[in-house]
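A.B. asks: With the sequence up front, the predicted model follows.
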Amino acid sequence: RCAVEILAGRAGWRQVVDEAGWPRVGQETPDPGNPGQLLSLWCVEKLYDDHLHLLLMTNGTVERDGTRREFGELVPGWIRDPVQAAAWQIGLTARQYRETVRRT
């Protein structure tokens with residue numbers, strides 16, 4: 001996990017996913033809780049001995065240098081929708097997450 005985080009910090013999560021050859025699960029979709037950003041889900045079973053997916057998302061907070069940090073978080077493999085994965089992380093249903101509004 002630490003090695004992947006270091007690689008992602010240098011190359012970006014998209015490049016790590018592309019080079020690893022992990023298959024996408026579902027469609028990349030706009031993040032309802034983070035307007036202007038996307039969510040994507042990737043199957044990383046070959047990396048772990050468990051049925052897991054990797055949710056790629058972008059931080060809603062802009063960094064001091066004006067960039068936004070990308071994150072990859074593991075979610076259970078039964079989740080097949082990126083919005084459902086983002087919702088699961090914070091204890092919401094996909095419907096509840098779709099109704100969230102980001103306040104600045």
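C.D. replies: Now that the structure is in, tell me what you want to look at.
A.B. asks: Enumerate every residue touching the residue nearest in space to the middle of the chain.
C.D. replies: Ranked by distance to the mean C-alpha position of the chain (CA atoms, centre = their mean), the top residue is Leu56 at 2.0 Å. Contacts for Leu56 (CB atoms under 8 Å, 6 or more residues apart in numbering) come out as 13-14, 17, 39-42, 70-72. Any C-beta I mention is one placed from the backbone N, CA and C, and that applies to glycine too.
A.B. asks: and if we set it to 7 Å?
C.D. replies: Leu56 makes contact with 13, 17, 40, 42, 70, 72 under the criterion CB atoms under 7 Å, 6 or more residues apart in numbering.
A.B. asks: So the last one is in contact with Leu54, correct?
C.D. replies: Yes - checked against CB atoms under 7 Å, the pair Gly72 and Leu54 is within contact range at 5.1 Å.
A.B. asks: which of these two has more neighbours?
C.D. replies: Set Gly72 next to Leu54 and count neighbours by other CB atoms under 10 Å: Leu54 wins out with 23 against 18.
A.B. asks: Gly77 is in contact with that one, correct?
C.D. replies: No - if you go by CB under 7 Å, Leu54 and Gly77 don't touch, sitting 10.4 Å apart.
A.B. asks: Now do the shared contacts for those two.
C.D. replies: Residues touching both Leu54 and Gly77 (CB under 7 Å, 6+ apart): there are none.
A.B. asks: Quick check: bridge partners of Arg24?
C.D. replies: When assigned by DSSP bridges, Arg24 has beta-bridge partners Trp42.
A.B. asks: what about Gly77, neighbour count?
C.D. replies: Gly77: 16 neighbours (other CB under 10 Å).
A.B. asks: An error on my part: the question was meant for Gln96.
C.D. replies: 12.
A.B. asks: Now do the SS call for the residue nearest to the centre of the chain.
C.D. replies: Three-state call for Leu56 (DSSP: H, G, I helix; E, B strand; the rest coil): strand.
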